[in-house]
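*Asks:* Build me a model from this:
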Amino acid sequence: MSQDREKAGESTRAKWQRARRPEEKAARREAILAAAKSLLDDWGVEGTTLSEIGRVSGVSKASCYRYFESREAILLEVAVEEVEEWASEIEERLEPLAGSGDIDGVAKVFAEATARRPRFCMLSSTLSSVLERNVSAETVMHFKRRFNGAAFETVDDVQRAIPELSDDQMPLFMRFFYAAIAGSWPSADHSPVVEKVMRRKEFSAVRSRFDESIYDYCRFFLRGLVANVK
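*Replies:* You can find the predicted model right below:
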């Protein structure tokens, strides 16, 4: 797989050496993001280095800096795309629950939509510890406005599904939800060796599935919020 990527990168780099038009520059930027996504899927955040992004995309490491100030800035852009897709699914799936007060249903939607997006989970769980450490204040502000804007689009959908919730409670729920991802994803994202060990019966009591953990977190917290209103 790495040899195929190497050849593809060399071919693309040769073509892009002659590219000058705005649409060709936009294509390079998209190639950088596509390479980052592919590497995240295969190797996680640690394995998604700027050198590898350049190799896979066919854009030299030096040229990557023309489009993004750092590896972390690339991954923040991927995180924005991921949260936008996640928020769209949440909105679509919560629409039938409007006015239902179905806490378990809302928790299920959040758990399933989140668990099906490993990139979203790994990036969300490393935002403060990794991704926001090598970028400018301007980049962080731009990212947070877009990321939070997309994430908090789901607030109205949750309130429509559970009308008992107040405006003041929803920011608490969203902060708790992202804390749940940050706490649950690293312990659920096992290496193949650890996953094999954790399947042994002796570790069954401490083994948990990520989607089940997020479902329980959301369900219990939403119940607590509703009970507090009453």
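*Asks:* Map the structural domains onto the sequence of this protein.
*Replies:* Annotated domains of the chain cover 2-64, 71-229 [automatic domain parsing].
*Asks:* which stretch in those domains has the least confidence?
*Replies:* Of all those, mean pLDDT reaches its minimum on domain 2-64 (a mean of 81).
*Asks:* Excluding covalently adjacent residues, which one is nearest to Asp189?
*Replies:* Met122 (6.8 Å; C-beta to C-beta, 6 or more residues apart in numbering). In short, each C-beta sits where N, CA and C put it, glycine included.
*Asks:* which ones are touching that neighbour?
*Replies:* Shown in contact with Met122 (C-beta atoms under 8 Å, 6 or more residues apart in numbering): Leu40, Gly44, Val45, Trp185, Asp189.
*Asks:* Run through the residues that contact the last one.
*Replies:* Applying C-beta under 8 Å, 6+ apart to Asp189 gives the contacts Gly44, Pro118, Cys121, Met122, Phe210.
*Asks:* Of these, which is the nearest to Glu138?
*Replies:* Closest to Glu138 out of the contacts of Asp189 is Met122 (24.7 Å), distances taken as C-beta to C-beta.
*Asks:* Identify the single longest helix in this protein, thanks.
*Replies:* Across the chain, the longest stretch assigned as helix under DSSP state H is helix 22-47.
*Asks:* What is the subsequent helix or strand relative to it?
*Replies:* helix 50-57 (DSSP states H and E).
*Asks:* In three-state terms, label the most centrally placed residue in the chain for me.
*Replies:* For the chain, the residue nearest the mean C-alpha position is Phe120 (1.5 Å; C-alpha atoms, centre = their mean). Using DSSP: H, G, I helix; E, B strand; the rest coil, the secondary structure recorded for Phe120 is helix.
*Asks:* excluding its backbone neighbours, what's nearest it?
*Replies:* Phe120's closest residue in space is Glu82 (C-beta to C-beta, 6+ apart), at 4.0 Å.
*Asks:* Restricting to C-alpha, output whichever helix or strand that neighbour is part of in PDB.
*Replies:* Following DSSP H and E, one finds Glu82 within helix 71-94. What follows is helix 71-94 as a C-alpha-only set of coordinates in PDB (Å, rounded to 0.1, in the frame of the first residue of the first chain):
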ATOM      1  CA  ARG A  71       0.400  19.600  10.500                       C
ATOM      2  CA  GLU A  72      -1.900  20.500  13.400                       C
ATOM      3  CA  ALA A  73      -3.600  23.200  11.200                       C
ATOM      4  CA  ILE A  74      -4.300  20.500   8.600                       C
ATOM      5  CA  LEU A  75      -5.800  18.200  11.200                       C
ATOM      6  CA  LEU A  76      -7.900  21.000  12.600                       C
ATOM      7  CA  GLU A  77      -9.400  21.600   9.100                       C
ATOM      8  CA  VAL A  78     -10.200  17.900   8.900                       C
ATOM      9  CA  ALA A  79     -11.800  18.100  12.300                       C
ATOM     10  CA  VAL A  80     -14.100  20.900  11.100                       C
ATOM     11  CA  GLU A  81     -15.200  18.800   8.100                       C
ATOM     12  CA  GLU A  82     -15.900  15.900  10.400                       C
ATOM     13  CA  VAL A  83     -17.900  17.800  12.900                       C
ATOM     14  CA  GLU A  84     -20.000  19.400  10.100                       C
ATOM     15  CA  GLU A  85     -20.900  15.900   8.700                       C
ATOM     16  CA  TRP A  86     -21.600  14.700  12.300                       C
ATOM     17  CA  ALA A  87     -23.900  17.600  13.000                       C
ATOM     18  CA  SER A  88     -25.800  17.100   9.800                       C
ATOM     19  CA  GLU A  89     -26.500  13.500  10.700                       C
ATOM     20  CA  ILE A  90     -27.600  14.400  14.200                       C
ATOM     21  CA  GLU A  91     -30.000  17.000  12.800                       C
ATOM     22  CA  GLU A  92     -31.500  14.600  10.300                       C
ATOM     23  CA  ARG A  93     -31.900  11.700  12.800                       C
ATOM     24  CA  LEU A  94     -33.300  13.900  15.600                       C
END
